[in-house]
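1. Next one to model:
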Amino acid sequence: MQNDTQLKFKEIQKILSEEWDAVPDAPTDEYDSHIHRIISMYADGNLDTTRLTSYLDSLFGIQENTKEISEKLLSILSV
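-> Numbers count the residues shown, from 1 in each chain. Down below sits the predicted model:
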């Protein structure tokens, strides 16, 4: 189970670093903590596309493709 979470973490990290210039390519504690929060929110059942989109907008700034990125991340989490 832990290995599954680590894989999802790395996939989310990769997508965020590709999609947002504000997210560094190399892992940092700050961004890692946001990814852990996203995974926890999903595990608690407190995450949908709207909520994740708002969260990402508040972290990284509003982008045209935030909703699509949210959907990608949710698809990773749902596997």
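
2. Quick check: what element follows the lengthiest helix in the chain along the chain?
-> Ranked by residue count and defined by DSSP state H, the top helix of the chain is helix 2-19. Proceeding N to C from helix 2-19, the next assigned helix or strand is helix 29-43, under DSSP states H and E.

3. Can you spell out which helices and strands pack onto that following helix?
-> If contacts are counted by 3 or more C-beta pairs under 8 Å, 6 or more residues apart in numbering; DSSP states H and E, helix 29-43 sits against helix 2-19, helix 49-60, helix 66-77. Heads up, the C-betas are built off the backbone N, CA and C, glycines and all.

4. Show residues contacting it.
-> Contact partners of helix 29-43, identified using C-beta atoms under 8 Å, 6 or more residues apart in numbering, comprise 5, 8-9, 12-13, 16, 23-24, 47, 51-52, 55, 59, 73-74, 77.

5. swap the cut-off to 7 Å and go again
-> In this structure, residues lying in contact with helix 29-43 by C-beta atoms under 7 Å, 6 or more residues apart in numbering are 5, 8-9, 12-13, 23-24, 47, 52, 59, 73, 77.

6. Ramachandran coordinates for residue 46?
-> phi -110, psi 30 (degrees, to the nearest 10).

7. Tell me how far it lies from residue 76.
-> 17 Å (C-beta to C-beta, to the nearest Å).
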